[in-house]
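Q: The sequence and its predicted three-dimensional model are supplied below.
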Amino acid sequence: MLAAFRDPGCKKSEEEIGRALTGTWREEHLFVLKQSLELYDFYTEQVEACDEEIDRMYATIRPDWETGELPPIPKKKQNTHSKNAPESAQEIRKHLKRMNGVDLSLVDGFGVSLAQTVTMEIGSDVADKFPTEKNFCSWLGLAPKHEISGGKVLKNKTLKTKNRAGQTFRMAAQSVKKSDTVFGVMYKRFRARQGPAQATVSTAHVIARVVYRMLKYKVEFETISVSEYEKKYEEQQVKYFKKKAAKLGYQLVLV
C-alpha cells in the first residue's frame, strides 16, 4: 500500500519499493515514523490554509475580464505529477485568467505556479509599465547589456539581477529543454551555438517576448508543430543565405 505513494519520478518500481518496506520494524523506528507522519499532516493543513487564504484574496480583486470556460490542458502538459497538484490550482487558474485576460498557464514551460508568480511580479498591465518587448526583457535581465568604448563592443552579457520574474522565465526555459515543442527545438539550437547556460537565457528571452505579447494584446497562446517550425526556419535560412550570396555577386541555387 505504501509503495503506491512513491514519487512518479522515482527510479525504483513499485514492486521494488514494496519489497524494501517488508521487514521487522523496531519500536524506535515506528515512533520516528509516527512523528514524521504527524509533522506531514500538520504542514499539509498549513498549506491548505494558505491555499484558502490565497483564494479569498483573489476573490477580492476587481474582475477585469470574463473568465468563461477554460480550455482543457493539452496532453503534453499533463505530466506524471498532475495527480498530486493541489485542488485549488484550477481555481487559481480561473482567477489568473480573470486578471490577465489570457491563460498564461498554457504557455509551454509554464504551469499555474509559474503563471501566478509572473502575474504577481509584473501585473496584467504590462504595456503601461514596459512600452516595448525590449524594455520588458531588459528589466527581466534577459537582454544583453552592451559595454561599448570607441565604437567597439567590449562586453556583451546579460545584466545580473535577482528579479523573481526573470528567474521564473529561466525556470520555464529549463523545463522545455528536453520537450518536443518549438521552445525545446530553439533551446537545442541555442545550446549548439552558445552553450547550455546562455541557451537557457536565450530561450527564456523568447518565452518572455511571447508572454509580453499575450498580456499586451490579450491573445491566447497558440503554438505550431515542430515540423512546421522547422520548415519555416529552413525557409528563413535559405532566404538569408540567398541575400548574403547576392551581396557577394553570387547566386545561390538549391539542389
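A: On my side now, so go ahead.
Q: in this structure, which helix has the most residues?
A: helix 27-60 (DSSP state H).
Q: Which other helices and strands does the helix or strand following that helix contact?
A: Using DSSP states H and E, the helix or strand that follows helix 27-60 towards the C-terminus is helix 89-100. For helix 89-100, the elements it packs on are helix 27-60, helix 112-122, judged by 3 or more Cβ pairs under 8 Å, 6 or more residues apart in numbering; DSSP states H and E. All C-beta spots, glycine's among them, are computed from the backbone N, C-alpha and C.
Q: Counting neighbours, which bits of helix 89-100 end up buried?
A: 89, 91, 92, 93, 94, 95, 96, 97, 98, 99, 100 (16 or more other Cβ atoms under 10 Å).
Q: State the distance from the fifth one to residue 165.
A: As for residue 94, its distance to residue 165 is 22 Å (criterion: Cβ to Cβ, to the nearest Å).
Q: Of the helices and strands packed on helix 89-100, flag the one that's most buried.
A: helix 112-122 (a mean of 19; mean count of other Cβ atoms under 10 Å).
Q: Just the CA coordinates for the next helix or strand after that helix, please, in CSV.
A: Sequence-wise, the next helix or strand downstream of helix 112-122 (DSSP H and E) is helix 126-129. Extracted in CSV, the C-alpha atoms of helix 126-129 (Å, rounded to 0.1, in the frame of the first residue of the first chain):
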residue,chain,number,x,y,z
VAL,A,126,2.5,45.1,-18.7
ALA,A,127,2.1,47.6,-21.7
ASP,A,128,1.8,50.5,-19.3
LYS,A,129,5.0,49.6,-17.5
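Q: which residues sit against the very next helix or strand once past helix 126-129?
A: Reading on from helix 126-129 to the C-terminus, the next helix or strand found by DSSP H and E is helix 133-140. With Cβ atoms under 8 Å, 6 or more residues apart in numbering as the test, helix 133-140 has contacts from 126, 130, 143, 145, 159, 161, 163, 165-166, 169, 204-205, 208-209, 212-213.
Q: Take those residues and keep only those in helices.
A: Counting by DSSP H, the part of the contacts of helix 133-140 found in helices is 126, 165, 166, 169, 204, 205, 208, 209, 212, 213.
Q: Highest neighbour count among the residues you listed?
A: Taking other Cβ atoms under 10 Å as the neighbour criterion, residue 169 ranks highest of these with 30 neighbours.
Q: residue contacts, that residue?
A: Neighbours of residue 169 in contact, by Cβ under 8 Å, 6+ apart: 118, 140, 142, 204, 205, 207, 208, 211.
Q: Ignoring the adjacent residues along the chain, who's closest to it?
A: Leaving out its chain neighbours, the residue that sits closest to residue 169 by Cβ to Cβ, 6 or more residues apart in numbering is residue 204, at 4.0 Å.
Q: State the mean pLDDT of stretch 186-206.
A: Across stretch 186-206, pLDDT averages out at 92.
Q: picking up where we left off before, can you add mean pLDDT and distance to residue 228 and give the helices and strands packed on helix 89-100 back as a markdown table?
A: Formatted as a markdown table, the helices and strands packed on helix 89-100 follow (pLDDT from 0 to 100; distance: least, Cβ to Cβ, whole Å):
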| stretch | mean pLDDT | distance to residue 228 |
| --- | --- | --- |
| helix 27-60 | 91 | 37 |
| helix 112-122 | 91 | 25 |
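Q: Out of those helices, flag the one nearest residue 4.
A: helix 27-60 (16.1 Å; Cβ to Cβ).
Q: ok, and for the one helix or strand residue 187 maps to, which residues are buried?
A: Of the helices and strands defined by DSSP H and E, residue 187 is found in helix 182-194. The neighbour-count check on helix 182-194 (16+ other Cβ under 10 Å) flags 182, 183, 184, 185, 186, 187, 190, 191 as buried.
Q: Just confirm the second one contacts residue 207, I think it does.
A: Put plainly, it is residue 183. Yes - counting by Cβ atoms under 8 Å, residue 183 does reach residue 207; the two are 6.3 Å apart.
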